[in-house]
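Enquirer: need a 3D model of the sequence below.
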Amino acid sequence: MQEQKSIDAGYFYAVITLLIWSSFVVVSRYGSKGILTPFDIAALRIGSAALALSPWWLPRLFRPEQRRLSIVQSVTLALLAGIAYPLVAYTGFVFAPASHGAVLISGMLPFFTSVLAIFMLRERPSHVRLAGLALIMVGVATLLAHSMALAGSGRNVLLGDALLLLASMLWSLFTVLLKHWKVRAFDVTLGVVAVSAILYLPVYLLFLPQHLSRAPLHDIALQAVFQGLVVVCIAMWTYARAAELLGTVKVVIMMSAVPVVGALLAVPLLGEQLSGGTAVGVGITFLGAFIGAMARPVP
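Expert: Got it, this is the predicted structure:
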């Protein structure tokens, strides 16, 4: 009975993580279409997360013996996941719809992560994983071909797609480095949040374009709460808890549904049209991500 309760709880946490990751593309696209700049949204994400986690990272800031990451690790991970990833992703959403973000960020993660793992971790992908990665490429190629066929705003959409692909690559590199350095998720979260706040917020306040004073309060609150508290703080914990109760493989398989759920959420919430080309790209990418997530590297 206790074991079944743990399994049920694991699925609950996994579903929460899936919904948060899927909602990320919708909320980010919504914010990028408004008056807030990508720099504003990144500042709200970093600032709110730093404030919420300050009881844990501030003591480590003044007591080096409590730190679990080296300075090189903290700075590298913060530049990748704390600063570069959100800035590139939010800028991509200025030009590309949320459905593209669901495919190009989440759907391409297994592809970029597998490729980087080959070179950095010396992992050998199985034939099943290679087949899944090939399907991902077909799905992305379908989506990009559809973008190129668009009239008028096609070039802007392609620019957004390129930035979303870059964001996926940055997060994949972050993921592989986590495995390479064998660091704990909570320690990484504290290090990334602290260093990102120290490096980014002063630059933002002094040099970068700011539209916070002109933005509606509800838009500011939405981005601050969702990007900083929900995505950075809550989703990290629910993902780690689900992996603990179910195992990493099951959780990764469930997360492969993010491209589909994210694209579907964008239709009623943002009024986006899920065209035939986009739907086909989403479906093929999901199938490839699912197959790739199930496969294990060759020992």
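
Enquirer: show me where the stretch 1-150 of the chain has helices.
Expert: Along the stretch 1-150 of the chain, the stretches classed as helices by DSSP state H, counting those that start in this stretch are 2-33, 38-52, 54-62, 71-77, 85-95, 98-101, 109-120, 127-149.

Enquirer: show me which residues of the first one are buried.
Expert: The one in question is helix 2-33. 10, 13-14, 16-32 (16 or more other Cβ atoms under 10 Å). C-betas here are computed from N, CA, C, even on glycine.

Enquirer: what do you get for the third one?
Expert: Applying a neighbour-count criterion of 16+ other Cβ under 10 Å, the buried positions in helix 54-62 are 57, 60.

Enquirer: send the alpha carbons of that helix over as CSV?
Expert: Output of helix 54-62 as CSV, limited to C-alpha atoms (Å, rounded to 0.1, in the frame of the first residue of the first chain):
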residue,chain,number,x,y,z
SER,A,54,17.7,33.9,-0.4
PRO,A,55,17.5,32.1,3.0
TRP,A,56,19.5,29.3,1.5
TRP,A,57,22.0,31.0,-0.9
LEU,A,58,22.8,34.1,1.2
PRO,A,59,24.5,32.1,4.0
ARG,A,60,26.6,30.2,1.5
LEU,A,61,27.6,33.5,-0.1
PHE,A,62,29.3,34.6,3.1
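
Enquirer: packing partners of it?
Expert: Judged by 3 or more Cβ pairs under 8 Å, 6 or more residues apart in numbering; DSSP states H and E, the packing partners of helix 54-62 are helix 185-207.

Enquirer: quick check: mean pLDDT across the helix it packs on?
Expert: Helix 185-207 carries an average pLDDT of 93.

Enquirer: following that helix, which helix or strand comes up?
Expert: helix 217-223 (DSSP states H and E).

Enquirer: for that next one, packing partners?
Expert: Helix 217-223 sits against helix 2-33, helix 38-52, with contacts defined as 3+ Cβ pairs under 8 Å, 6+ apart.

Enquirer: among the ones you listed, which is nearest residue 73?
Expert: Among those, the nearest to residue 73 by Cβ to Cβ is helix 38-52 (18.2 Å).

Enquirer: could I get the buried residue list for that closest one?
Expert: 38-50, 52.

Enquirer: and those residues, which is closest to residue 164?
Expert: Closest approach to residue 164 among these (Cβ to Cβ): residue 38, at 12.5 Å.

Enquirer: and that closest one, how far is that from residue 92?
Expert: Using Cβ to Cβ, to the nearest Å, residue 38 is found at 9 Å from residue 92.

Enquirer: so, low pLDDT: which residues of the chain?
Expert: For the chain, the stretches with pLDDT under 70 are 1-3, 150-155, 247-250, 293, 295-299.

Enquirer: ok, the spatially closest residue to residue 234 that is not a sequence neighbour to residue 106 distance?
Expert: The shortest distance from residue 234 to any non-neighbouring residue, by Cβ to Cβ, 6 or more residues apart in numbering, is to residue 20 (6.8 Å). Shown here: residue 20 relative to residue 106, a distance of 12 Å by Cβ to Cβ.
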